[in-house]
Structures are given as C-alpha cells and as structure tokens.
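# just the structure for this:
(chains A and B)
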Amino acid sequence: RKEVEQDPGPFNVPEGATVAFNCTYSNSASQSFFWYRQDCRKEPKLLMSVYSSGNEDGRFTAQLNRASQYISLLIRDSKLSDSATYLCVVNGGYNKLIFGAGTRLAVHP
Amino acid sequence: EPEVTQTPSHQVTQMGQEVILRCVPISNHLYFYWYRQILGQKVEFLVSFYNNEISEKSEIFDDQFSVERPDGSNFTLKIRSTKLEDSAMYFCASSALGTGDTQYFGPGTRLTVL
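This is a model prediction of the structure:
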C-alpha cells in the first residue's frame, strides 16, 4: 500500500462548483497532516494544516478521520485561480514529509 | 513575508560532474530540508538537517549526496558525481520547529544532467 494515496484526477469543474478530494495514508502513527497546493513547475505551497476536529479557511474545508486514516479537502465556489495540483501530505516522523502524487484540478469558465 | 530562496534556478551539467545547489532558509528557522521532484512524479524527501547534523535521510540520499550549512545563512546540497537520473527539481525547505511544524519551500532548482 502506498504511504499516501490520492484520487488521481484530473477534476475538470466549472467555476462555482464544489469539489472534494480524498486521501488515505498507511502509517497509523502519523501525527501531522497538510494540504499543499502546487502550480505547474512551482514549489509546493501550504494550503492548510488538517486537524482532527476539522478546520475551515474561507472556501476550503479539511477533515481528518484517524480511525479510517482518511483526509479530505473540500473546495466550495471554485475559482479559475484554484486550478492547480493539490498535494496530500503526511508527516512521516523526524520532520520528513511524505507527499501523495497529487490531484489535478482544472476550473473552467 | 520571509521566504526561502534558492540558486541557481536552473543548472545544466554533464554526467559525472559535481553540482552544488544553494538555499537560504527563512532566517529564524532551525530545521532545513531537501526534497526532489522528478518531472511528472511526486515530491520525495531527501534529507532533514538540524543543529548541524543530518536528522534523517531517505534511501535516495546515498554517498553521492551531502549537505552542509557553511555559514549562518546558507544551506547547500552537493551531488558529487551526477547521473542522468539525478535530473529533477530540487526543493529546499525550512521550518521554525520540528515535527508537525509547517515547512516552507523555496522555488526550486531545476537540475538537468546531460
């Protein structure tokens, strides 16, 4: 089983749509979880950390289910500028980040 | 807003040559990292560095790789004898604290080995 597994995408959605990404991780001892965003040929940028209680930042909502080892990201009211690859990231201990392969989102007018 | 910087943005080298990739982490950060991303693949951890020592390294980080903090601001990754398969984007990252803290990534150095 891959350490971090994501929906492969791509997701092609119209502006204003709601889109959800899922991610599973294999190491039940993992303690920290993140969603990063990566634009083409650019560096990963932190979108949000993910907490057990769930957290929201504007149009973005992240959820963590430790029992199922499952992480989700919900984007509401999609904008053209949301087009990017979304990376599910888990801390693998000793500060090592383990990245998923990413899910590509394309928002069209 | 403070940011991680990396130089050069693109490095082209011949197979077998040594390369040094440079990074300036965010100034008050204590933990430093190198990651790489081969074109079309996922970001992979190479090494973490704290208190002038390697904290952890991946299987990719073999004897051909080394890291150094030569002064108070720079953090370097050296590849001693480059191979074709070393061609990738190399990202430096830093964090203020250790496990669980947010890592901030630099813009990357694209290494092309011919």
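# got the end-to-end distance for stretch B:4-15?
End-to-end distance of stretch B:4-15 (Cα to Cα, to the nearest Å): 28 Å.
# can you tell me the average pLDDT over that stretch?
Stretch B:4-15 carries an average pLDDT of 97.
# tell me where the chain has strands.
No chain specified, so I'll use chain A. Applying DSSP state E to chain A gives strands spanning A:4-6, A:11-14, A:19-25, A:33-38, A:44-50, A:55-57, A:60-65, A:70-75, A:84-91, A:97-99, A:103-108.
# nope, chain B
For chain B, the strands defined by DSSP E cover B:5-7, B:10-13, B:19-24, B:31-37, B:43-50, B:53-57, B:65-68, B:75-79, B:88-95, B:104-105, B:109-113.
# so can I have a markdown table of the ones you listed showing mean neighbour count?
C-betas here are computed from N, CA, C, even on glycine. As requested, these are exported to a markdown table (neighbours: other Cβ atoms under 10 Å in any protein chain shown):
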| stretch | mean neighbour count |
| --- | --- |
| strand B:5-7 | 16 |
| strand B:10-13 | 14 |
| strand B:19-24 | 19 |
| strand B:31-37 | 24 |
| strand B:43-50 | 22 |
| strand B:53-57 | 15 |
| strand B:65-68 | 17 |
| strand B:75-79 | 20 |
| strand B:88-95 | 24 |
| strand B:104-105 | 22 |
| strand B:109-113 | 18 |
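# for the ones you listed, give me CSV that also has distance to residue A:72.
Output for the strands of chain B, formatted as CSV (distance: least, Cβ to Cβ, whole Å):
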stretch, distance to residue A:72
strand B:5-7, 32
strand B:10-13, 36
strand B:19-24, 33
strand B:31-37, 24
strand B:43-50, 20
strand B:53-57, 28
strand B:65-68, 35
strand B:75-79, 34
strand B:88-95, 25
strand B:104-105, 23
strand B:109-113, 32
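# do you know which of those strands lies nearest residue A:9?
Closest approach to residue A:9 among the strands of chain B (Cβ to Cβ): strand B:43-50, 16.2 Å.
# just checking, what packs against that closest one?
Packing partners of strand B:43-50 (3 or more Cβ pairs under 8 Å, 6 or more residues apart in numbering or on different chains; DSSP states H and E): strand A:97-99, strand B:31-37, strand B:53-57, strand B:65-68, strand B:75-79.
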